[in-house]
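Visitor: sequence first, predicted coordinates after that:
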Amino acid sequence: MTATSTNTVIIGGGIMGAGIAFEALVAGFPVTIVETLEAHCAPARERVEHYEARARSRGADLDGIGTLLVTTDLANAVRDADVVVEAVPEDLSIKQAVFERIGVAVNDHAVLASNTSGLPIGVLGAASGRPAQTVGTHFFNPVPAMRLVEVVRGADTSPEILQKALAFCQALGKETVEVADLPGFVTTRLGTLLMAEAVRVLQEGVASAEHIDTGMRLGYNHPMGPLALADRIGLDTLLAILDDMREAYGDAFRAPPLLRQMVAAGNLGKKSGRGFYTY
């Protein structure tokens, strides 16, 4: 793929969508963000501009940055797209509805990618009516700082589309791992298990949150401890993923009572100002 040919459309300009859009712009790609309401367009643009300002303050060379359009017209945006990345909330019914709309309007050559940490790509492909064009692209937060993307091949994903998706992510400067369409893929399946066990260790009084995280950072060379990572992801998000994973893999993924209590109390981590740590 070349910068001049990769017309990139991001559905949803929230934290993840804006981060993916910024990385595509840095690669020189023309980018369109599609929002649901006009009132959401300016905040989406501001999120991208925040990433740009931060990059420039750190001396990044952005002379070849692509052009950004923000719109509410999904059908027109995806009609001539080369890559469409859906980045709406991690809710299967919402994503299905978006893929249904994309499938009606998109061309026959575009990559249709869902930014998901574990939802079934086959179901989204079926919703679009274009399963051969559908893949998963699991970006990590914050997108500009995190190098990895899991590229998920559905059972019906064509080899050509898979290769296009891998090339797109690599053009954004990411390392890619190719994974099968199974619940949680690789990183979510392993990562949530570790975070859940860390919560259980805290709940049992084995060690403090700080010491649990320090143990994993220094003992296993993890860049961030599991409880700090849970706070960053959002404890409500972690709980929802664990519930889904338990259905797929059994009681190893049973959410600890402490996690449910914290979510019920509104202590969701960094986004609420309090989780295992105070922000």
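Guide: Happy to help now that I have it.

Visitor: could you use CA atoms for every contact and neighbour count after this?
Guide: Fine.

Visitor: per-domain residue ranges of this protein.
Guide: Following automatic domain parsing, one finds the domains of the chain at 8-180, 187-271.

Visitor: most tightly packed of those domains?
Guide: Greatest average neighbour count among the domains of the chain goes to domain 8-180 (a mean of 20), per mean count of other CA atoms under 10 Å.

Visitor: hang on, the earlier thing: any chance of the domains of the chain in CSV, with mean pLDDT and distance to Thr278 too?
Guide: Compiled in CSV, those are given as follows (pLDDT from 0 to 100; distance: least, CA to CA, whole Å):
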stretch, mean pLDDT, distance to Thr278
domain 8-180, 97, 20
domain 187-271, 97, 8
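
Visitor: would you list the ones you listed in TSV and tack on distance to Tyr277?
Guide: Below are the domains of the chain laid out as TSV (distance: least, CA to CA, whole Å):
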stretch	distance to Tyr277
domain 8-180	19
domain 187-271	7
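
Visitor: how about those domains, which one is nearest Tyr279?
Guide: Distance to Tyr279, taken as CA to CA, is lowest for domain 187-271 among those, at 6.1 Å.

Visitor: how far does that closest one sit from the chain's center?
Guide: The chain centroid and the centroid of domain 187-271 are separated by 18 Å under CA atoms, centre = their mean, to the nearest Å.

Visitor: next: stretch 32-49.
Guide: Relative to its parent chain, stretch 32-49 has a centroid offset of 17 Å by CA atoms, centre = their mean.

Visitor: just the C-alphas of it, formatted as PDB.
Guide: C-alpha atoms of stretch 32-49 as PDB (Å, rounded to 0.1, in the frame of the first residue of the first chain):
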ATOM      1  CA  THR A  32     -11.800  10.400   7.200                       C
ATOM      2  CA  ILE A  33     -13.300  10.000  10.700                       C
ATOM      3  CA  VAL A  34     -17.000   9.200  10.700                       C
ATOM      4  CA  GLU A  35     -19.000  10.200  13.800                       C
ATOM      5  CA  THR A  36     -22.700   9.600  14.600                       C
ATOM      6  CA  LEU A  37     -23.600  13.300  15.400                       C
ATOM      7  CA  GLU A  38     -22.300  16.700  14.200                       C
ATOM      8  CA  ALA A  39     -21.700  17.500  17.900                       C
ATOM      9  CA  HIS A  40     -19.200  14.700  18.100                       C
ATOM     10  CA  CYS A  41     -17.100  15.900  15.100                       C
ATOM     11  CA  ALA A  42     -15.200  18.800  16.700                       C
ATOM     12  CA  PRO A  43     -14.200  16.700  19.700                       C
ATOM     13  CA  ALA A  44     -12.900  13.900  17.400                       C
ATOM     14  CA  ARG A  45     -10.800  16.400  15.500                       C
ATOM     15  CA  GLU A  46      -9.500  17.900  18.700                       C
ATOM     16  CA  ARG A  47      -8.400  14.400  19.900                       C
ATOM     17  CA  VAL A  48      -6.300  13.900  16.800                       C
ATOM     18  CA  GLU A  49      -4.900  17.500  17.000                       C
END
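
Visitor: name the surrounding residues that touch that stretch.
Guide: With CA atoms under 8 Å, 6 or more residues apart in numbering as the test, stretch 32-49 has contacts from 8-15, 17-19, 21-22, 68-74, 77.

Visitor: which residue ranges of the stretch 51-200 of the chain form strands?
Guide: Assigned strands in the stretch 51-200 of the chain, in chain order: 68-71, 83-86, 111-114, 134-139, 148-153, 175-180 (criterion: DSSP state E, counting those that start in this stretch).

Visitor: check which helices and strands the fourth one sits against.
Guide: Put plainly, it is strand 134-139. If you count contacts as 3 or more CA pairs under 8 Å, 6 or more residues apart in numbering; DSSP states H and E, strand 134-139 packs onto strand 111-114, helix 121-128, strand 148-153, helix 159-171.

Visitor: for Asp243, find the nearest of those.
Guide: So among the helices and strands packed on strand 134-139, helix 121-128 is nearest, using CA to CA, at 18.5 Å.

Visitor: now Val106: how far from Ala155?
Guide: Relative to Ala155, Val106 is positioned 21 Å away (CA to CA, to the nearest Å).
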